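# This is a predicted model, with the sequence first.
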Amino acid sequence: MDPSTIQAARNGHRDAQAELLRQLQDVWFRLCLSLLGDAGQAREATQETALRFLRDLPRFAGKSQLKTWAIGIALNVAREMRREKHALRSHDRSIKPPSPPLGPLALAELSEQCDFLRRMLAELPDRQREALLLRYFEDLSVDDTALAMNCAAGTVKATVYQALRSLRQKLVADRIGNDVG
Amino acid sequence: MPAMRTLREQLDQARQAYAARRYPGDLVNELPRGLGRSARILIAVTAAASIAAAAAIAVILSNPFGRPSSDTLPLGQPVVQAMDMQLPPMPDLPTGMSIVPDYQAITLPGMPSFPSMDAGASQEDTPTTQEAV
């Protein structure tokens, strides 16, 4: 991302802000979709992330890359929505959180793209999924992953290791199951 | 190691699928339409609280058990009846009584007399019987 664009956006320049949003919208959306598992909720989370991003942009200190900082915002939004979803489920399983409508074509396309990932990542604990997504799917460094997740670098390493080990075990178990079947 | 290789292959496939995801729309054009999620929640909570407060006030005002019925206390009449608060007249103070007591002379009795010291001394000079002997 161009530093001059970032500075202009921080100063409230609309075109610069729009440029940053266009660069970040896909990153936010695919991260939220992988964490929330629902395209409508991921879209809502992306919009909320963008609003918080614009609100807090003047306070961005530049201690990390803008992308890392922006991913941290999306992570917080997704965590909040996940907590709300769990709370709603525990109170009343019949109530579904509202989500903006998506066209049937967009939904079909998304479901095809997400199917493989969902199966692979759905069974991982939330923190392991977050660490794996940021580290291997968004190509963040360990330090940037730690900044985005608001934890220590050592925690990131351990969490990613646990996630990979868990995936490997699932894979082996799946193979054995297929051979037996 | 085959499991490792398979896992690596699957991760690569997953990465490709992950990177292919796109936001379904134009975020820049969608943002000004709506308020932030937290702002929407705040507005919803405020509206719900206002409706609840209005409903509570309406219930209180329309509740027949919450206020006295018109049979026992007609409207427009004060709740507390006027009471006759006339006090009895003050009693008269007694007359002819002096606040200051009558004068009485105070006299002290005379001091008692002590025996003379000379009489004692003359007795000491007198020798006892044994000394005399």
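Received the coordinates, thanks.
# Show me what the strand or helix carrying residue A:167 is packed up against.
In this assignment (DSSP states H and E), residue A:167 forms part of helix A:153-180. With contacts taken as 3 or more C-beta pairs under 8 Å, 6 or more residues apart in numbering or on different chains; DSSP states H and E, helix A:153-180 sits against helix A:126-132, helix A:142-149, helix B:2-19. All C-beta atoms are positioned from the backbone trio N, CA, C, and that covers glycine.
# out of those helices, which comes closest to residue A:19?
helix B:2-19 (20.7 Å; C-beta to C-beta).
# hmm, the next helix or strand after the closest one touching chain A?
Beyond helix B:2-19 in the direction of the C-terminus, DSSP H and E gives the next helix or strand as helix B:27-30. Yes. Helix B:27-30 lies within reach of chain A by C-beta under 8 Å from any C-beta of the partner chain, at B:27, B:28, B:30.
# count of neighbours near residue A:78?
25 (other C-beta atoms under 10 Å in any protein chain shown).
# Low-confidence bits of the chain, can you list those?
With no chain named, the answer covers chain A. Applying pLDDT under 70 to chain A flags residues A:90-118, A:174-175, A:177-181.
# please go with chain B instead
Along chain B, segments meeting pLDDT under 70 span B:1-5, B:32-41, B:63-84, B:118-133.
# at 80 what do you get?
B:1-7, B:10, B:32-44, B:63-86, B:91, B:93-102, B:104-133 (pLDDT under 80).
# show me the biggest helix of it in terms of residues.
Taking DSSP state H as the criterion, chain B has its longest helix at helix B:37-62.
# got the CA coordinates for stretch B:86-93 in CSV?
Extracted C-alpha coordinates of stretch B:86-93, given in CSV (Å, rounded to 0.1, in the frame of the first residue of the first chain):
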residue,chain,number,x,y,z
GLN,B,86,-57.9,25.9,67.8
LEU,B,87,-55.8,25.6,70.9
PRO,B,88,-57.3,26.2,74.4
PRO,B,89,-56.5,29.5,76.1
MET,B,90,-53.4,29.8,78.0
PRO,B,91,-53.8,29.4,81.8
ASP,B,92,-53.2,32.6,84.0
LEU,B,93,-50.1,32.8,86.0
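# Distance check, residue A:85 against chain B.
13 Å (C-beta to the nearest C-beta, to the nearest Å).
# ok, how many other residues are close to that residue?
The number of residues packed near residue A:85 is 16, by other C-beta under 10 Å.
# In chain A, which residue is most central in space?
residue A:31 (2.5 Å; C-alpha atoms, centre = their mean).
# so who does it touch?
By C-beta atoms under 8 Å, 6 or more residues apart in numbering or on different chains, the residues touching residue A:31 are A:71, A:74, A:75, A:78, A:133, A:134, A:138.
# In these, find the pair that's most separated.
Farthest-apart pair in the contacts of residue A:31 is A:78 and A:138; separation 13.3 Å (C-beta to C-beta).
# The helix holding residue A:167 vs helix B:2-19, what angle?
Counting by axes from the mean of the first three to the mean of the last three C-alpha atoms, to 10 degrees, helix A:153-180 lies at 110 degrees to helix B:2-19.
# So which bits of helix A:153-180 are buried?
A:155, A:156, A:159, A:160, A:162, A:163, A:164, A:167, A:170, A:171 (16 or more other C-beta atoms under 10 Å in any protein chain shown).
# Look up the closest residue to residue B:28, ignoring the ones flanking it.
Distances taken as C-beta to C-beta, 6 or more residues apart in numbering or on different chains put residue A:18 closest to residue B:28, at 4.5 Å, once the chain neighbours are dropped.
# Much appreciated, bye for now.
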